[in-house]
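> from the sequence below, what's the structure:
(one chain, ligands or ions: 1)
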Amino acid sequence: MINLSMPISLERAVEEDAEDLASISKRAFDTDIDVGAPFSEPGGPIGYDSPSFQKRFMKNLVCYKILLEESIVGGLYISSRSNQHRVLERIFVDPPFHNRGIATQAMEILWGIYSNVQLWTLGTPEWNVRTRHFYEKLGFKQVGWEGGDADFRGIWYQKVMDPSNPYEMMRIGELRDGLKDVTVEGTIKSKSEPRKVRSRSTGKPLTVGNANFVDSSGSVTLVLWNEQIPQVKIDDRVRIEFGHLTSYRGEKQLNVGWMGKLVILL
Ligand SMILES: CC(C)(COP(=O)(O)OP(=O)(O)OC[C@H]1O[C@@H](n2cnc3c(N)ncnc32)[C@H](O)[C@@H]1OP(=O)(O)O)[C@@H](O)C(=O)NCCC(=O)NCCS
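Next comes the predicted model:
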């Protein structure tokens, strides 16, 4: 019998934990249909029930298991945008242990491990009343919207750990070809007519459009793909997290990339 009054701990997950983490993640996310998920069947985010995905996450993210005594009761996966900026990619707790403060304790331990991090960000679906309550209780504030249409969109949250020492984003005028891991905010001033192209790797048809993205320090061409094109409107304030810079026919371009995030700011 696990003693619930014991403190929890976080340990880096290893490959041998993948089966347990996948089972717990499946049980945890399958309860989303009780908290507003617009699905007819239980489900969860990509790879949520797959041990091989947990192993992939361990290679690409920093993955912790949440331990109560010696037993795994949850998982917590993070990624790095920069030394001072981390993203909470995923957190889950086994349903029999829900609402006992375990995830809250896990986050407090995390703040301690990453005491130099100034900014934490994360996304959660708008329909998820449970996570919204949980993150807001932890001090996360909504800064914008992520993807989708009004029926299925994500809230983008951030927590500034010490408001007297805020995270300094790059300015658009500082962006140089080849820069990676760029987090930057600006305003969409104009958009080009979208063009149809084919993916060089898969041959699939794609739509690409450019936007003129500015702040008071300069401007850059923001490259938008497919569903990003209608999401972004002229005069929208936008944040790009984890973008990268390339140059195309001598023009500096900011790309969101598959790991990056485009957030329409409030
Ligand atoms: C989100 C999750 C990790 C929280 O874990 P937990 O250990 O139960 O978290 P805590 O006990 O620390 O806090 C949960 C809070 O949510 C509240 N809550 C629970 N169900 C709720 C609901 N349906 N609506 C609103 N709030 C709800 C609890 O009351 C508690 O808040 P309180 O302390 O103010 O009472 C857990 O619910 C989970 O695994 N969910 C499925 C996976 C998921 O959605 N993960 C997050 C996205 S990656």
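
> every contact and neighbour count from this point should use C-alpha atoms.
Will do.

> buried set for stretch 31-49?
Residues Thr31, Asp32, Ile33, Ala37, Gly43, Gly44, Tyr48, Asp49 are the ones in stretch 31-49 that count as buried (16 or more other Cα atoms under 10 Å).

> then stretch 250-266?
Buried residues in stretch 250-266 (16+ other Cα under 10 Å): Lys252, Gln253, Leu254, Asn255, Val256, Gly260, Lys261, Leu262, Val263, Ile264, Leu265.

> which residue is nearest the middle of the protein?
Residue closest to the average C-alpha location in the chain (Cα atoms, centre = their mean): Leu122, at 4.4 Å.

> ok, it to Gly173 distance?
Plainly put, Leu122 is 26 Å away from Gly173 if you go by Cα to Cα, to the nearest Å.

> any chance of JSON lines for the buried residues of stretch 250-266, columns pLDDT, secondary structure and distance to the ligand?
Listed next are the buried residues of stretch 250-266 as JSON lines, based on pLDDT from 0 to 100; DSSP: H, G, I helix; E, B strand; the rest coil; distance: Cα to the nearest ligand atom, whole Å:
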{"residue": "Lys252", "pLDDT": "94", "secondary structure": "strand", "distance to the ligand": "35"}
{"residue": "Gln253", "pLDDT": "97", "secondary structure": "strand", "distance to the ligand": "31"}
{"residue": "Leu254", "pLDDT": "97", "secondary structure": "strand", "distance to the ligand": "28"}
{"residue": "Asn255", "pLDDT": "96", "secondary structure": "strand", "distance to the ligand": "25"}
{"residue": "Val256", "pLDDT": "95", "secondary structure": "coil", "distance to the ligand": "22"}
{"residue": "Gly260", "pLDDT": "91", "secondary structure": "coil", "distance to the ligand": "17"}
{"residue": "Lys261", "pLDDT": "94", "secondary structure": "strand", "distance to the ligand": "16"}
{"residue": "Leu262", "pLDDT": "96", "secondary structure": "strand", "distance to the ligand": "18"}
{"residue": "Val263", "pLDDT": "97", "secondary structure": "strand", "distance to the ligand": "18"}
{"residue": "Ile264", "pLDDT": "96", "secondary structure": "strand", "distance to the ligand": "20"}
{"residue": "Leu265", "pLDDT": "97", "secondary structure": "strand", "distance to the ligand": "21"}
